[in-house]
Structure formats: structure tokens, C-alpha cells
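S.K.: need a structure here:
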Amino acid sequence: MSEETSFGEITLQDTIIALQGGIERVDKEKGVVTIDHWITQLMETGQPKFTSIAEDLRELKDSLNEEVVSRQTISDKLISIGQKTASLTAEVDSEYKISMAALGNILTKAGNSIR
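M.R.: Residues are numbered from 1 along each chain as shown. I've put the predicted structure just below:
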């Protein structure tokens, strides 16, 4: 498996590329579809560290779908998800380490940028 390996239809690289342009540029509908995809993939692992990220993603999605979106809540969730993602690099196959670290960093920066 390579970093381009798809977990379903969306790869780690697809997610990183979409976020590199800035979180504000991500289409909300496409973002929600991506979040749903990762929730499913992470929950299917059955591993608590992955399912914890899935739960944060679910809360992020719920926050994005609220009538009045709280920037603070979105920021906090992105930072939490980013930190948890980066911390998993020690637990994933070597082929995913770089992408997981990059994704964690991007999510944390995105969270900090919208505070």
C-alpha cells in the first residue's frame, strides 16, 4: 500500500491537497462528504484512538451544519483532530507516517488560523 492508497474513495493525499489551499476554500458540501468518509473509515478500525478522532469529526460536522456556526468550536475541533492525528504517526504503517503527520499539522494550523 502507498500513501495514495484509498480508504474507500478518498485518499489521505486527496484530503491533504484539499486542505493545503486553506480551510476557508474548502466547499462546505465537499467537506462534509469528506468528513463522513473519514468517520466511517476510522470507526471501522474499532481502535479507540481512531474512533476518538471519528467522534471529533462527527462533532465538527454537526457544528458545521448548525444554523449559526461557532468559529471557536470549529477551531477547537480542528486543533483536537489535528493533534490526535499527528500523535498517531507512531501507530500507523511507515507508508502513512509522513501523510498523517502532514495532515495533523495542516488541521492544527487551520484550527489556529480561524480563532
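
S.K.: in this structure, which segments are predicted with low confidence?
M.R.: Residue ranges of the chain with pLDDT under 70: 1-9.

S.K.: where exactly do the strands run in it?
M.R.: Taking DSSP state E as the criterion, the chain carries its strands at 6-7, 10-11.

S.K.: now for the last one, which elements pack on it?
M.R.: For strand 10-11, the packing partners by 3 or more C-beta pairs under 8 Å, 6 or more residues apart in numbering; DSSP states H and E come out as helix 28-45. The C-beta positions use only the backbone N, C-alpha and C, and glycine is treated the same way.

S.K.: residues near Thr45, how many?
M.R.: 13 (other C-beta atoms under 10 Å).

S.K.: my bad, Leu57
M.R.: Residues lying near Leu57 (other C-beta under 10 Å) number 22.

S.K.: Could you report the distance from it to Glu95?
M.R.: 22 Å (C-beta to C-beta, to the nearest Å).

S.K.: same check, this time on Asp36
M.R.: 25 Å.
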